[in-house]
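> I'll drop the sequence and a predicted model, then ask my questions.
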Amino acid sequence: MTDFDQIPEDLNELIHNWDDRSQSKVKREITIDDETLRDGLQSPSVKNPSLKEKLDIVRMMVNLGITTADMGLPGSGAEGVADFDELITNIIKEKIEILPRAACRTHEADLTALAKLSQKHGITIFNDMFIASSKIRRFAEGWHFADVKDTVYKALAFTQQENLPTMFVLEDATRSKPEELEQLFYLAIDNGVERLCLTDTVGYATPEATRNIVLFTRNLIKKAGVEGKVKLDWHGHNDRGLALSCALAAIDVGADQIHGCALGIGERTGNTPIELLLVNLQMAGLWDHDLHRLPDYCQTVSHAVGVQIPKNWPVIGRDAFATSTGVHAAAILKAHKRGQNKFSDYVYSSVPASNFGFEQLIRIGFMSGKSNVIWMLDKLNIKPDPELVSYVLGIAKSHRKQIDYEDLKCLVEDFKKNKKKESKQN
């Protein structure tokens, strides 16, 4: 027996992991606040889904283990109230198990609209109350810091009066001074908030900056004596392409809940992509919910908001688990012949396709080898005759094109016809 006769039960014996950070050692529960139907719809390139489409999206959130979602801004006017009201009505009617949330400014009009909706439906609607904390935003608005504190104090007094469970959201927190964050967060804690939220509103933070501000805030919560009572959220944007990295860094050092949107939609370059966040949480052992429905969720959102999924998008893109390169295909084919899907899943992929209802795909292209053609012929139950394999490969290389299964069927028929002609001529 050689070292290669038996595939180890634990494939980690074949894979060295250089990631020694604390993420995999996180012991607390990590939750996700789905912002697809609120922050996601602030994208300049999306359409507003119908009520039916929104309900389909909410149902799929629950299927993935997501238990809370921001569903709109009821304080944005009569239309905002009507949309939010209709959505909540149907969630209650269908008994969809999700905690609805609403984004509110520190304005009495916003908070009153939410309080009325909560009273009407007789359910808890979480108040995600936000105000900008950075000096640059205050300068643009003409706000003094003392005015901000006074506004927050009055808004929190109203939320307590109306028994609105509140998350205090500091917009642009990642560009704010520590001493001012401290004052505002202590004010919020003293006035009964259940959660604090650090917001990287313009995608300014790096992963290192994220760790610093999350640790700063966790220490603040500890000093206030409310550790375990007041939870900490992270809300990131993707302007520098760092949203996912920052979200994982936030989890690493103490965030309890991460916000995100399907497909990363949202203002400008969007928010943390929920599907990629879920994949990484599952791979780190921090999400034990079944993610086979993840592609359905993403396709539903894609159709509802009119945003196409890029072909090369990780996990759910058309090309995520596909290769047309000969060397890669040969390795996958060898692994596949060993008879264990997980083994072939990992040979040329860091993400196991089978966890999400997919399989490794081999295609034929101008960089392919014989293994690619043999694989695809096998999928069509066609014997990989060496001449046929060479014929198909020659077409792919000379035409510099990708050959799908329909193309391959046509090429097989052409090959058979050519062989018949040759036979008659001889």
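Great, that's in hand.
> Number of residues surrounding the nearest residue to Val327 once chain neighbours are set aside?
Distance criterion CB to CB, 6 or more residues apart in numbering; nearest residue to Val327, sequence neighbours excluded, is Gly369 at 7.2 Å. Where C-beta positions appear, they are placed from N, C-alpha and C, glycine not excepted. Per other CB atoms under 10 Å, the neighbour tally for Gly369 reads 18.
> With Leu248 instead?
23.
> and what of Ile7?
Count around Ile7 with other CB under 10 Å applied: 15.
> Also the one 3 residues further on?
Asp10 is flanked by 8 other residues according to other CB under 10 Å.
> can you tell me how far Leu242 sits from Leu114?
Distance, Leu242 to Leu114, by CB to CB, to the nearest Å: 32 Å.
> Tell me which of the two has more neighbours.
Leu114 (27 against 21).
> Mind telling me what element the more buried one is part of?
helix 108-121 (DSSP states H and E).
> tell me the phi and psi of Asp34?
phi -80, psi 120 (degrees, to the nearest 10).
> for Ile403, same thing?
According to degrees, to the nearest 10, Ile403 has phi -110, psi 120.
> Against Asn238, how distant is it?
35 Å.
> residues touching Leu37, list them.
Residues in contact with Leu37 (CB atoms under 8 Å, 6 or more residues apart in numbering) are Pro49, Lys54, Ile57, Val58, Ala69, Asp70, Met71, Gly72, Leu87.
> what do you get for Ser349?
Phe321, Gln360 are the contacts of Ser349 under CB under 8 Å, 6+ apart.
> What of the one 3 residues further on?
Residues near Pro352 by CB under 8 Å, 6+ apart: Lys342, Asp345, Tyr346.
> measure it to Asn17 for me?
14 Å.
> separation between the closest residue to Ala115 other than its chain neighbours and Lys149?
Excluding its sequence neighbours, the residue lying closest to Ala115 (CB to CB, 6+ apart) is Glu162, at 4.1 Å. As judged by CB to CB, Glu162 and Lys149 stand 21 Å apart.
> go on, Val351?
In terms of CB to CB, Val351 sits 46 Å off from Lys149.
> who's more crowded, these two?
Counting neighbours by other CB under 10 Å for Val351 and for Lys149 shows that Val351 has the greater number, 18 against 15.
> neighbours around the spatially closest residue to that one that is not a sequence neighbour, how many?
Excluding its sequence neighbours, the residue lying closest to Val351 (CB to CB, 6+ apart) is Val315, at 5.9 Å. Other residues near Val315 come to 22 when the count uses other CB under 10 Å.
> so Val315 makes contact with Leu276?
Yes: using CB atoms under 8 Å, Val315 is in contact with Leu276, at 6.9 Å.
> Could I get the pLDDT score of the residue nearest the centre of the chain?
Against the mean C-alpha coordinate of the chain, by CA atoms, centre = their mean, the closest residue is Ile274 at 1.4 Å. In this model, Ile274 is scored at 98, pLDDT.
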